[in-house]
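In: Whatever this is, show me its structure:
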Amino acid sequence: MQLHRPNLKQHIALAYSSFTNDTYQDTAYQEILEKIDDNNFNMTYTYAIYTDHFMVKENIFLPIFHTYYLNSRPKLVILRNKECYDLPIVYPYHKYYIYDSYDKSQDDCEKIKQLAKTDNVYVINSLKDIV
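Out: Here you go, the predicted model:
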């Protein structure tokens, strides 16, 4: 008989339309980097970056990395570009977050909810709002 400790971790995903050098300065990316030293965070969360560009694979090292695919277990997905706003339509079982960094953040959130027919889209000010 084998006993396994249940994996109770939550998965955070940062979704970008493309990964460029500007992404390194992005608020959400910087907040994840700040959390790397926090042992409680590391025991509770895993994280990954999703993008259409392979630069992530080649140029970034994140030590706690979950699956490459969004079609797996439910995740906390932070949408960082408007080009990613179709993800809730394709994968409605995740929770989605938009940073309140521009005037129409709340309007975009409501539009996504209507298009995706889900209530799992939220506006946040910081990663601290979900962690």
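
In: give me the low-pLDDT residue ranges for the chain?
Out: 1-7, 53-68 (pLDDT under 70).

In: Sketch out the helices for it, chain order is fine.
Out: Ranges of helices within the chain are 27-35, 39-44, 55-59, 87-90, 105-116, based on DSSP state H.

In: mind putting those helices in JSON lines, mean neighbour count included?
Out: Bear in mind the C-beta positions are built from the backbone N, C-alpha and C, glycine included. Listed next are the helices of the chain as JSON lines, based on neighbours: other CB atoms under 10 Å:
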{"stretch": "helix 27-35", "mean neighbour count": "16"}
{"stretch": "helix 39-44", "mean neighbour count": "12"}
{"stretch": "helix 55-59", "mean neighbour count": "13"}
{"stretch": "helix 87-90", "mean neighbour count": "16"}
{"stretch": "helix 105-116", "mean neighbour count": "15"}
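
In: Please identify which of these is closest to Q10.
Out: Closest approach to Q10 among the helices of the chain (CB to CB): helix 39-44, 6.6 Å.
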